[in-house]
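K.L.:
Fold the following and give me the result.
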Amino acid sequence: MFDRLISDPSFREVFSDVFRTIWKVLPVWLPIVLLVTFVQTWLRYVRTKWNSEQKYVLLELKVPKEVEKSPAAMEIVITAMHQVSTGNLIDVYFKGRTRPWFSLEMVSIGGQVHFFIWTPVKFRSIVETQIYSQYPAVEIHESSDYSLGVLYNPAEISMWGAQMALSKVDAYPIKSYIDYGLDKDPKEEYKIDPLTAVIEYLGSIKPGEQAWIQILIQAHKSEGLKELRLLKRSDWTKAAKEEIKKIISEAVFKPGEGKDITSTNLTDTQKQTITAIERSISKFPFDAAIRLVYIAKKDIYNSTNVPGILGSFKQFGSNNLNGFKRAWPTDFDYPWQDFRGTRKRANERKMLDAYKRRSFFHPPYRNFHTKRFILTTEELATIFHFPGLVSSTPTFSRLVSKKAEPPPNLPV
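P.N.:
Predicted coordinates:
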């Protein structure tokens, strides 16, 4: 059939005309293609160089025995990480300057639960100041990187990892601490803290096992020339407002002809959803990625810990709002997808390396097997904050004593 098509004179004539047209406009489109390719390659080079020259530090946060503040305090801390500046065009195109990113991490090593924040060194003082201002009794220590102590050796260890995603579009927020009433600082015995399930899971890990949760964040903003865009791309709020209009247009109780839809035409669920979206729009947004990793020695690897770590995120979701789902795992559903296990081992090796590098927003693991999603400061504070005594996990080590202020009459 293909031979008959080539031998057709009309086909050859059309093909010849197309080729001549492309050749005639070659002086126009070829320089553009080469210029765009050069700029993209150059930006990748200078950005990689810039990022490799930055210094980072891992801070461990020692939580006091009594945490009386709501997650709103952590929201203030995370707001300080909303750093959008990349300097001027010279900084962007010649120095390769990028928006800084941070990592909020909750880790269980043999059942011992730890909180970490990974930050560029130049922002360390800002992060520490904000934490101390909200949690004076917290102790912050520079820590060695726990992940570097794990070497990928499939003969000795087994591991599983996954990239998470939102179950709905970015416009819908997850079920936050405000939805759980934690913004009102209820008494400890009446608190329902959604983070408790995560802490309990991490505390259930046995000696020889490790479970890691990594939340990578970078300030979200509208994009323009500094992001190699000739046409400005608006931030996420435009899509969120469109989603509100869509919910209103789907009102169950339609008004009479010629009348506008009001709140009385909406169901209680629709009203709550719109309120949550509007509240989310008012908060600082971050591009985010979440990684989950479970590692253990081969002889004690417990596969039930995989649904356990996934299940610990269920309470952050609801039917009318957003939630988390597994986007990409290191393993496969069916044996014929990976007969020899080579693809699984390659996935595990890359996941472990990406985790150690905290790489997602830039090469070498840019948008690693999933796309970034939006989480606001309120949502981030919901999934990363210091729990009160409502979380009584015995392996969650807390500081026994409070820090005391020095006596005011000390000699100077």
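K.L.:
alpha carbons only for contacts and neighbour counts from here, please
P.N.:
Noted.
K.L.:
for the stretch 301-412 of the chain, which spans come out with low pLDDT?
P.N.:
Low-confidence segments of the stretch 301-412 of the chain, defined by pLDDT under 70, are located at 389-412.
K.L.:
can you give me the strands for it?
P.N.:
For the stretch 301-412 of the chain, the strands defined by DSSP state E, counting those that start in this stretch cover 324-329, 373-376.
K.L.:
One more: the chain?
P.N.:
According to DSSP state E, the chain carries its strands in the segments 56-62, 101-109, 112-120, 139-143, 157-166, 209-219, 285-297, 324-329, 373-376.
K.L.:
Dump those strands to a markdown table, plus mean neighbour count and distance to residue 268.
P.N.:
Conversion of the strands of the chain to a markdown table gives the following (neighbours: other Cα atoms under 10 Å; distance: least, Cα to Cα, whole Å):
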| stretch | mean neighbour count | distance to residue 268 |
| --- | --- | --- |
| strand 56-62 | 19 | 40 |
| strand 101-109 | 22 | 35 |
| strand 112-120 | 21 | 38 |
| strand 139-143 | 15 | 44 |
| strand 157-166 | 23 | 24 |
| strand 209-219 | 23 | 32 |
| strand 285-297 | 23 | 26 |
| strand 324-329 | 17 | 24 |
| strand 373-376 | 24 | 24 |
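K.L.:
need those strands in a markdown table with distance to residue 179, can you?
P.N.:
Putting the strands of the chain into a markdown table (distance: least, Cα to Cα, whole Å) gives the following:
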| stretch | distance to residue 179 |
| --- | --- |
| strand 56-62 | 26 |
| strand 101-109 | 22 |
| strand 112-120 | 24 |
| strand 139-143 | 29 |
| strand 157-166 | 18 |
| strand 209-219 | 21 |
| strand 285-297 | 18 |
| strand 324-329 | 16 |
| strand 373-376 | 14 |
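K.L.:
Residue 242 is nearest to which of these?
P.N.:
With Cα to Cα, the closest approach to residue 242 among these belongs to strand 373-376: 15.9 Å.
K.L.:
where does the chain dip in pLDDT?
P.N.:
For the chain, the stretches flagged by pLDDT under 70 are 1-15, 17-20, 23-26, 28-30, 185-190, 230, 252-264, 389-412.
K.L.:
Tell me who's in contact with residue 210.
P.N.:
Residue 210 sits next to 107-111, 294-296 when contact means Cα atoms under 8 Å, 6 or more residues apart in numbering.
K.L.:
Could you find the closest non-adjacent residue to it?
P.N.:
residue 109 (4.7 Å; Cα to Cα, 6 or more residues apart in numbering).
K.L.:
May I ask you to confirm that the one you found is in contact with residue 209?
P.N.:
Yes. Residue 109 is in contact with residue 209 according to Cα atoms under 8 Å; the separation is 6.5 Å.
K.L.:
which parts of stretch 141-158 are buried?
P.N.:
Judged by neighbour count using 16 or more other Cα atoms under 10 Å, the buried positions of stretch 141-158 are 152, 157-158.
K.L.:
Which of the strands of the stretch 301-412 of the chain sits closest to residue 51?
P.N.:
It is, among the strands of the stretch 301-412 of the chain and with distance given as Cα to Cα, strand 373-376, at 21.7 Å.
K.L.:
Verify the stated contact: residue 194 with residue 317.
P.N.:
No. Distance between residue 194 and residue 317: 10.1 Å, which falls outside the contact criterion (Cα under 8 Å).
K.L.:
Quick one: residues contacting the residue lying closest to residue 218 once chain neighbours are set aside.
P.N.:
Once its chain neighbours are removed from consideration, residue 218 has its nearest residue in residue 101; the separation is 4.5 Å (Cα to Cα, 6+ apart). Residue 101 is in contact with 119-120, 216-219, counting by Cα under 8 Å, 6+ apart.
K.L.:
Kindly reformat these as CSV containing distance to residue 266.
P.N.:
Putting the contacts of residue 101 into CSV (distance: Cα to Cα, whole Å) gives the following:
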residue, distance to residue 266
119, 44
120, 46
216, 37
217, 35
218, 36
219, 34
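K.L.:
and which of those residues is nearest to residue 310?
P.N.:
Out of the contacts of residue 101, the one with the shortest distance to residue 310 is residue 216. That distance is 17.5 Å, counting by Cα to Cα.
K.L.:
you'd agree residue 375 is up against residue 285?
P.N.:
Yes. Here residue 375 reaches residue 285: they are 5.8 Å apart, a contact under Cα under 8 Å.
K.L.:
Okay, helices next: where are they in the stretch 301-412 of the chain?
P.N.:
Under the criterion DSSP state H, counting those that start in this stretch, helices of the stretch 301-412 of the chain are mapped to 305-311, 342-357, 377-383.
K.L.:
thought residue 347 was touching residue 330?
P.N.:
Yes. Counting by Cα under 8 Å, residue 347 touches residue 330, with 5.2 Å between them.
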